[in-house]
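Chemist: Dropping the sequence and predicted coords here.
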Amino acid sequence: MAVSYEIKVPATSANIGPGFDVMGLSLSLYLTVNVHVDTEAPTTVAVAPNYNVTISYEGDNSSGLSLDPKKNLITDTALYVLACNGFSQFPRPTTARINNSIPLGRGLGSSGAAVVAGVVLANIAAELNLSQQRMLDYCLMIERHPDNVAAALVGGFIASYLADDDQSAQIPATSLSEAERVRREREEKAAAANPKVLLPPEKICRSVRLGCSPKIKAVAIIPRFELATSKARAALPESYNPKDVVYNLQRLAILTTALGSETPDPWLVYGAMMDKVHQPYRMHMIPGLPEILATLNPDNTPGLLGICLSGAGPTILALAVSNFDEIAAKIRAIFDRQPNGGVATGYEVLDIVSEGTTCIKKN
Ligand SMILES: Nc1ncnc2c1ncn2[C@@H]1O[C@H](COP(=O)(O)OP(=O)(O)OP(=O)(O)O)[C@@H](O)[C@H]1O
Ligand SMILES: N[C@@H](CCO)C(=O)O
């Protein structure tokens with residue numbers, strides 16, 4: 001007999017201007033993984049060459065992705081979680097059919113979604129019964145900043161901080177539920193048996209969901225080129241001018257509340273989505289971004305609330321309450337007239353979804 005599940009993880013937009021590595025929005029574009037676990041097959045003792053898992057992709061956004069379980073981000077993440085829980089491979093023969101609507105390397109959280117899918121895949125394949133908090137801990141061992149993974153897992157408009165190592169090491173066993181204690185014992189046994197396994201600290205990330213008006217939609221203008229997050233992060237400085245940090249903190253404090261008003265104040269949000277911590281250093285990698293930020297505003301573009309780089313780019317995120325297609329057309333026109341033939345783009349008008357990752361048993 002096979003047990004089947006559907007894992008569905010939303011795309012995300014991180015930063016939202018001033019909230020670098022802090023804020024994330026989950027969006028109505030999905031990575032879907034259909035999983036079949038053969039529950040009647042005996043558990044294999046020796047490690048099978050394919051780690052007992054077979055993956056395939058259908059649809060777009062899969063070009064260049066490895067089907068080797070140790071090289072594919074989804075299954076490699078799952079294998080890490082399994083190792084932390086005493087499994088050297090998938091315990092039962094497992095197949096994962098992947099359909100990915102999230103474009104790769106565009107700032108819409110494709111890697112965060114893949115990491116979340118991998119953690120959930122391990123959770124069901126080995127019946128680990130991990131809490132959402134523990135899944136987040138695992139995600140953060142792979143994707144080291146919380147904005148995308150927290151929004152993808154929990155859903156909605158999310159703010160997160162990472163605990164200091166010291167803080168996370170201090171979670172006493174007495175503060176854990178019975179299920180969490182069982183889980184911790186299993187992990188500690190696995191770590192003792194395999195010293196190469198690095199367990200995630202407990203509660204390394206704390207997140208809170210913020211209000212977001214249901215009137216707001218996310219217009220994503222997606223250039224047809226990839227920008228690896230690692231490259232966009234390498235462009236950032238080692239240290240900052242305190243004035244720039246204060247500039248962002250002021251805006252971030254306003255943004256946490258301004259998007260939650262039933263009818264958001266366009267100029268308040270517009271100003272609160274400005275940033276001096278990451279966008280200025282990434283401008284040169286996204287032709288058109290300076291002009292887009294300098295040109296559109298709520299007066300000349302009705303319906304617009306604010307504009308920023310989505311994640312590490314190159315996608316532009318415009319939050320708006322109306323005229324979504326017109327806003328996209330204006331931004332695309334700026335991309336079109338960039339030197340050397342312009343920048344080809346596509347666009348999506350997306351909902352901000354309050355549901356994060358779901359995993360539904362199909363039979
Ligand atoms: N569905 C997937 N399956 C396997 N690997 C994936 C998948 N989605 C993303 N990846 C991996 O993540 C890489 C893209 O990650 P990267 O962090 O550069 O961009 P992003 O996550 O799309 O953008 P951002 O982090 O700015 O939102 C891909 O090149 C691929 O290696
Ligand atoms: N906060 C991250 C998001 C991209 O993964 C960054 O801007 O680099």
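Modeler: Nice, thanks for sending it over. Ligands and ions are numbered 1, 2, ... in the order given.

Chemist: and stretch 4-15 with ligand 2, contact?
Modeler: Yes: Stretch 4-15 lies in contact with ligand 2 when judged by CB under 6 Å from any ligand atom; the contacting residues are 14-15. No exception for glycine: its C-beta is placed from N, CA and C like everyone else's.

Chemist: Okay, buried residues for that stretch please.
Modeler: Applying a neighbour-count criterion of 16 or more other CB atoms under 10 Å, one finds 5, 7-15 buried in stretch 4-15.

Chemist: Same question for stretch 192-200.
Modeler: Across stretch 192-200, burial judged by 16+ other CB under 10 Å covers 197, 199-200.

Chemist: same question, stretch 301-313
Modeler: By 16+ other CB under 10 Å, the buried positions in stretch 301-313 come out as 301, 303-313.

Chemist: how far does that stretch stretch from start to finish?
Modeler: Between the start and the finish of stretch 301-313 there is a gap of 22 Å, counting by CA to CA, to the nearest Å.

Chemist: Around ligand 1, which positions in the stretch 201-350 of the chain sit nearby?
Modeler: 228-229, 311-312.

Chemist: And the furthest pair within those residues?
Modeler: Of all pairs drawn from these, the one with the longest distance (CB to CB) is 228 and 311, at 11.4 Å.

Chemist: What is the helix or strand where residue 27 lies packed up against?
Modeler: Following DSSP states H and E, one finds residue 27 within strand 23-38. When contacts are defined as 3 or more CB pairs under 8 Å, 6 or more residues apart in numbering; DSSP states H and E, strand 23-38 sits against strand 2-14, strand 94-100, helix 110-125, helix 146-154, strand 157-162, strand 217-223, strand 345-351.

Chemist: between these, which one is nearest to residue 360?
Modeler: Distances from residue 360 to each of the helices and strands packed on strand 23-38 were compared using CB to CB; the shortest belongs to strand 2-14, at 5.0 Å.

Chemist: Quick check: mean pLDDT of the closest one?
Modeler: Strand 2-14 shows an average pLDDT of 97 in the prediction.

Chemist: Distance from the chain centre to it, please.
Modeler: Taking CA atoms, centre = their mean, to the nearest Å, the mean C-alpha location of strand 2-14 is offset from the chain mean by 12 Å.

Chemist: quick revisit: could I get the residues of the stretch 201-350 of the chain next to ligand 1 as TSV with secondary structure and pLDDT?
Modeler: Shown next, in TSV, are these (DSSP: H, G, I helix; E, B strand; the rest coil; pLDDT from 0 to 100):
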residue	secondary structure	pLDDT
228	coil	95
229	helix	95
311	coil	98
312	coil	97
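
Chemist: could you pick out which of these are near ligand 2?
Modeler: The subset of those within reach of ligand 2, by CB under 6 Å from any ligand atom, is 229, 311-312.

Chemist: which residues touch residue 140?
Modeler: Contact criterion CB atoms under 8 Å, 6 or more residues apart in numbering gives 146, 149, 162, 200, 204-205 as the residues in contact with residue 140.

Chemist: between the residues you listed, which has the most around it?
Modeler: Highest neighbour count within those: residue 149, with 34 neighbours (other CB atoms under 10 Å).

Chemist: ok, now which ones touch that residue?
Modeler: Residue 149 makes contact with 112, 115-116, 136, 139-140, 143, according to CB under 8 Å, 6+ apart.

Chemist: Could I get the pLDDT score of it?
Modeler: On the pLDDT scale, residue 149 is placed at 98.

Chemist: Let me see the backbone angles for the nearest residue to it once chain neighbours are set aside.
Modeler: Taking CB to CB, 6 or more residues apart in numbering, and ignoring the residues beside it in sequence, residue 149 has residue 139 as its nearest neighbour in space, at 4.0 Å. Torsion angles at residue 139 (phi, psi; degrees, to the nearest 10) stand at phi -60, psi -40.

Chemist: Correct me if wrong: residue 139 contacts residue 119.
Modeler: Yes: the pair residue 139 and residue 119 qualifies as a contact (CB atoms under 8 Å) at a distance of 5.6 Å.

Chemist: so what sits against both of the two?
Modeler: With CB under 8 Å, 6+ apart as the test, residue 139 and residue 119 both reach residue 77.

Chemist: Relative to ligand 2, how far out is the residue most central in space within the chain?
Modeler: The geometric centre of the chain, computed from its C-alpha atoms, lies nearest to residue 148 (CA atoms, centre = their mean), at 2.8 Å. In this structure, residue 148 and ligand 2 are 5 Å apart, going by CB to the nearest ligand atom, to the nearest Å.
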